[in-house]
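Participant: sequence and predicted structure, then a few things I'm wondering about:
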Amino acid sequence: MDSESTTFLARARLWAGSAAESAFENPGLLGVYILGGLTIFWIIEGNTYGIATSLVSMAVSLIVARRFARR
């Protein structure tokens, strides 16, 4: 592997670790992370309806996560 791939994988591991840690603290964020990944998939596929529904679902999940965090 070249250095760019190694750096990318290291950053991905750090991001995944911090995402998992924050998802344990606030389970509502896990839905936001999953929908974020799904949105990226729909962007790659070019599915406009999928992008729109993922973004709306992500917004609703984020609202729920924020309300959960306030308690």
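Facilitator: That came through fine.
Participant: only C-alpha atoms for contact and neighbour calcs from this point on.
Facilitator: Noted.
Participant: next secondary structure element downstream of the worst-scoring helix or strand of the chain on mean pLDDT?
Facilitator: Least confident helix or strand of the chain, by mean pLDDT, DSSP states H and E, is helix 3-25 with a mean of 73. Of the helices and strands lying after helix 3-25 in sequence (DSSP states H and E), the nearest is helix 28-45.
Participant: now the angle from that following helix to helix 3-25?
Facilitator: Interaxial angle of helix 28-45 relative to helix 3-25 (axes from the mean of the first three to the mean of the last three Cα atoms, to 10 degrees): 140 degrees.
Participant: report the angle between the very next helix or strand once past helix 28-45 and helix 3-25.
Facilitator: Next along the chain after helix 28-45, taking DSSP H and E as the criterion, comes helix 48-70. Helix 48-70 and helix 3-25 meet at an angle of 50 degrees, taking the same axes, to 10 degrees as the criterion.
Participant: how about helix 48-70: buried residues?
Facilitator: 50-51, 54-55, 57-58, 61-62, 64-65 (16 or more other Cα atoms under 10 Å).
Participant: residues in contact with the least confident helix or strand of the chain: which ones?
Facilitator: Residues from elsewhere that reach helix 3-25, judged by Cα atoms under 8 Å, 6 or more residues apart in numbering: 29-30, 33.
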